[in-house]
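1. Sequence and predicted structure, then a few things I'm wondering about:
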Amino acid sequence: MKTMLKKLSAFSIGPIVAAFIGFINVPVITHVISTEEYGRSSMFVVAQSMIALVLYLGLDQAFVREFNGYRREKSKLIKNAMLIPAALSVLAACVILLFAPWISWLLFGSRTEIFPTAGLAIMLPFMVVYNFSLLNIRMQERGLLYSFFMIALKAATLLITLLLFFGLEKSFRSVVYAIAIAEILNGIAAGLFLVREIRADSVPAPVDTALIGRMLRFGIPLIPAALLVWAMTSMDKIMLRAMMTYGELGLYEAAFKIVNALGIVQTWFTLLWTPIAYRWHEEKRPTAKYSCVMKLVTVMMTVLCLLILCLKDLVAWVLGGNFAASIFIFPFLLLHPIMYTMSETTALGINFSRRTSFNILVSVVSGGANILLNYLLIPLWGGRGAAIATGLSYVVFFWMRSLISRGLWYRFPLTEPAFYSVLIVGNCLAHTFLTEGLAAYIISAFSLVLILILNVPKLKRYKDILTADDAVKEEALP
């Protein structure tokens, strides 16, 4: 338990500080540029995330899956996992530069934004190096080093944004350039660390086609699912871009950035939990421990969601007058990190069984729901409609992953996830549409009291299960 808490503390530094820096970066931008300019900058991020999914071919996830079996041959695994993504990143950069005017129009509504488009192309190889270096550090459970690189990326983005606002121009271009330059600089730094790790490995690291083939067989089935998950987080922006204005997209993106602060918590938990869960699985730990983690994470994420909803007026103050309307958009966007984090504890059966092709089914259903709801709700409520579509699609995502995993793994309890799902959605509805008076806050306060009454008596029981000798027989949670 002490070892787990020590690792938890090390991994916590990066997400917490990075979230704080990222949170600061949002008002820095929203107080300087217009909603329209902010909307244009969001399309750059959408393109970056889409291209990344294609470049990796699922090999980043395959790297994680194979890591424990190659601890003595890390350089071999790293080189073979990175080979194809690195080559594809260079190819993608060439294609973007070749068709720069068309891509410029697609992203920014003008064919003349060649330099921002070139920034997207140039940063791609550095992004691949940066991400694989961090995966290597993460799987070694080196929390402090991982935190350093995470903080460095966010700090560089903020600093460069400020320098460009005052030294170049106050427009979306400065935001885009800052993202690209920060990614390049951190890619170089992380790459130097990765090279040192590879050189320190005395085991030869030739190209191993058998290893690459095995990783591709694991990773490629993840690509359609990953693309559909990307659609769940990006189709809202694309459809807002097509059906509304850059101004409405800017309001939506500001709300999304606020939610990203909570997304850092999601990332932090995933980074910590994934290596531990795989190790527990290999050591055949009792399933009661997994059930305990599921329950604790569900309760904690629900409480966090409710607390943030109660602080939404503070969000309006932080964003500034032009972006104040974003506070009625962001409630349902909270369901993205909330439901995703909860599903990381319930969906382990899919990866444990190596049946990753089920992720395609999950993403088809939830992604299809997202697109349909966006089509129906954006014309009615604009950014609010897009947020509702995204939030509800993540509820579907959670339940699809959980039910499939339960069938492949063990029959963990579903009553509490169902209760908290309804509680979260109800509170998000209240804070989205009850724009006058204290009604929404009263509902959230009542929900928090109810959660405390239901869970405080169980805390000792949860602690006993997590700290119990693993040799004891499995037992169900109350």
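-> Here it is on my side, so go on.
2. Secondary structure element holding Tyr394?
-> helix 383-408 (DSSP states H and E).
3. now do Cys428
-> helix 415-433.
4. Contacts for that helix, please.
-> Here helix 415-433 makes contact (C-beta atoms under 8 Å, 6 or more residues apart in numbering) with 294-295, 298-299, 302, 305-306, 309, 312, 328-329, 331-332, 334-335, 338-339, 342, 346, 384, 387-388, 391-392, 395, 398-399, 402, 439-440, 443-444, 447, 450-451. C-beta here means a position set from N, CA and C on the backbone, and glycine is covered the same way.
5. swap in stretch 13-30?
-> Contact with stretch 13-30 is made by 38, 41, 143-144, 146-151, 153-155, 157-158, 161-162, 165, 175, 254, 257-258, 260-262, 264-265, 267-268, 318-320, 322-323, as judged by C-beta under 8 Å, 6+ apart.
6. quick one: average confidence on it?
-> Stretch 13-30 carries an average pLDDT of 83.
7. what do you get for stretch 155-175?
-> The pLDDT scores in stretch 155-175 average 93.
8. so where's the stretch 101-250 of the chain shaky on pLDDT?
-> 200-205, 225, 229 (pLDDT under 70).
9. would you list every one of the helices in it?
-> Under the criterion DSSP state H, counting those that start in this stretch, the stretch 101-250 of the chain contains helices at 114-139, 143-167, 172-200, 209-219, 222-243, 246-282.
10. Quick one: the ones you listed as TSV, columns for distance to Gly426 and mean neighbour count too.
-> What follows is the helices of the stretch 101-250 of the chain, written out as TSV (distance: least, C-beta to C-beta, whole Å; neighbours: other C-beta atoms under 10 Å):
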stretch	distance to Gly426	mean neighbour count
helix 114-139	36	22
helix 143-167	33	19
helix 172-200	36	19
helix 209-219	38	16
helix 222-243	22	20
helix 246-282	18	22
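11. Okay, now the unreliable bits of the stretch 251-400 of the chain?
-> Answering for the stretch 251-400 of the chain: the residues below the bar, that is pLDDT under 70, span 271.
12. And the helix or strand following the helix holding Cys428, how far out from the chain middle?
-> Where DSSP H and E defines the elements, the next helix or strand beyond helix 415-433 is helix 439-455. On the basis of C-alpha atoms, centre = their mean, to the nearest Å, helix 439-455 sits 27 Å off its chain's mean C-alpha point.
13. tell me which residues of helix 439-455 are tucked away?
-> Ala440, Tyr441, Ile443, Ser444, Ser447, Leu448, Ile451, Asn455 (16 or more other C-beta atoms under 10 Å).
14. Could you do stretch 100-119 as well?
-> Residues Ala100, Ile103, Ser104, Leu107, Phe108, Glu113, Pro116, Thr117, Ala118, Gly119 are the ones in stretch 100-119 that count as buried (16+ other C-beta under 10 Å).
15. Could you pull up the residues touching the closest residue to Leu392 other than its chain neighbours?
-> Leaving aside its chain neighbours, Leu392 sits nearest to Leu373 (6.1 Å; criterion: C-beta to C-beta, 6 or more residues apart in numbering). Counting by C-beta under 8 Å, 6+ apart, Leu373 touches Gly385, Ile388, Ala389, Leu392, Ser393.
16. Show the contacting residues for the first one.
-> If I follow you right, that is Gly385. Here Gly385 is in contact with Leu373, Asn374, Leu376, Leu377, Ile378, Pro379 (C-beta under 8 Å, 6+ apart).
17. Of those, which is the nearest to Ala231?
-> Asn374 (9.7 Å; C-beta to C-beta).
18. what about that closest one, neighbour count?
-> 26 (other C-beta atoms under 10 Å).
19. Make 271 the starting number, not 1.
-> Sure, I'll start numbering at 271, so the last one becomes Asn644.
20. mind checking how far it is from Ser504?
-> For Asn644, the distance to Ser504 equals 11 Å [C-beta to C-beta, to the nearest Å].
21. Then Leu699?
-> 24 Å.
22. and if you look at Val665?
-> The value you get for Val665 to Ser504, if C-beta to C-beta is used, is 18 Å.
23. ok, now how distant is Val719 from Leu574?
-> The gap separating Val719 from Leu574 is 16 Å, by C-beta to C-beta.
24. now Pro491
-> Counting by C-beta to C-beta, the gap from Pro491 to Leu574 is 32 Å.
25. circling back: out of the contacts of Gly655, the closest to Ile468 would be?
-> Asn644 (44.0 Å).
26. Grab the nearest non-local neighbour of that closest one.
-> Per C-beta to C-beta, 6+ apart, closest to Asn644 is Ala659, 4.3 Å.
27. now Tyr664
-> Computed as C-beta to C-beta, 6+ apart, the closest residue to Tyr664 that is not its neighbour in sequence is Met609, at 4.2 Å.
28. gap between the host helix or strand of the one you found and the chain center?
-> Using DSSP H and E, Met609 maps to helix 605-616. Mean-position distance between helix 605-616 and its chain equals 10 Å (C-alpha atoms, centre = their mean).
29. what angle do it and helix 516-552 make?
-> Using axes from the mean of the first three to the mean of the last three C-alpha atoms, to 10 degrees, the inter-axis angle of helix 605-616 relative to helix 516-552 is 10 degrees.
30. separation between Leu498 and Ser504?
-> For Leu498 relative to Ser504 (C-beta to C-beta), the value is 11 Å.
31. Kindly report the same for Ala388.
-> Ala388 is 22 Å from Ser504, by C-beta to C-beta.
32. cool, Ser691 as well?
-> For Ser691, the distance to Ser504 - C-beta to C-beta - is 24 Å.
33. Could you do Ala639 as well?
-> Taking C-beta to C-beta, one finds Ala639 at 15 Å from Ser504.
34. repeat for Phe526
-> 10 Å.
35. returning to what we had before: please name whichever of the buried residues of helix 709-725 scores lowest on pLDDT.
-> Among those, Asn725 has the lowest pLDDT, at 89.
36. does it really touch Val569, like I thought?
-> Yes: Asn725 is in contact with Val569 according to C-beta atoms under 8 Å; the separation is 5.3 Å.
37. Find the residue closest to Val316 in space, skipping its chain neighbours.
-> Ser504 (4.8 Å).
38. so who does that neighbour touch?
-> Val316, Ser319, Met320.
39. Can you flag the buried ones in the residues you listed?
-> For the contacts of Ser504, buried by 16+ other C-beta under 10 Å: Val316.
40. Dump the contacts of Ser504 into CSV; add secondary structure, pLDDT and distance to Ala459 as well.
-> Converted to CSV, the contacts of Ser504 look like this (DSSP: H, G, I helix; E, B strand; the rest coil; pLDDT from 0 to 100; distance: C-beta to C-beta, whole Å):
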residue, secondary structure, pLDDT, distance to Ala459
Val316, helix, 89, 26
Ser319, helix, 87, 22
Met320, helix, 85, 25
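41. rewinding a little: now, which of the contacts of Gly655 sits nearest Leu353?
-> Checking the contacts of Gly655 one by one against Leu353 (C-beta to C-beta), the nearest turns out to be Asn644, at 37.1 Å.
42. so how far is the helix or strand hosting the closest one off the chain centroid?
-> If you go by DSSP H and E, Asn644 is part of helix 628-651. Centroid separation between helix 628-651 and its chain, computed with C-alpha atoms, centre = their mean, is 18 Å.
43. Which positions within that helix qualify as buried?
-> So, applying 16+ other C-beta under 10 Å, buried residues of helix 628-651: 628-630, 632-633, 635-637, 639-641, 643-644, 647-648, 651.
44. ok so, going back, emit the PyMOL select command for whichever of the contacts of helix 685-703 are buried.
-> For the buried members of the contacts of helix 685-703, the matching PyMOL selection, counting by 16+ other C-beta under 10 Å, is:
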select buried, resi 564+565+568+569+572+575+576+579+582+598+599+601+602+604+605+608+609+612+616+654+657+658+661+662+665+668+669+672+710+713+714+717+721
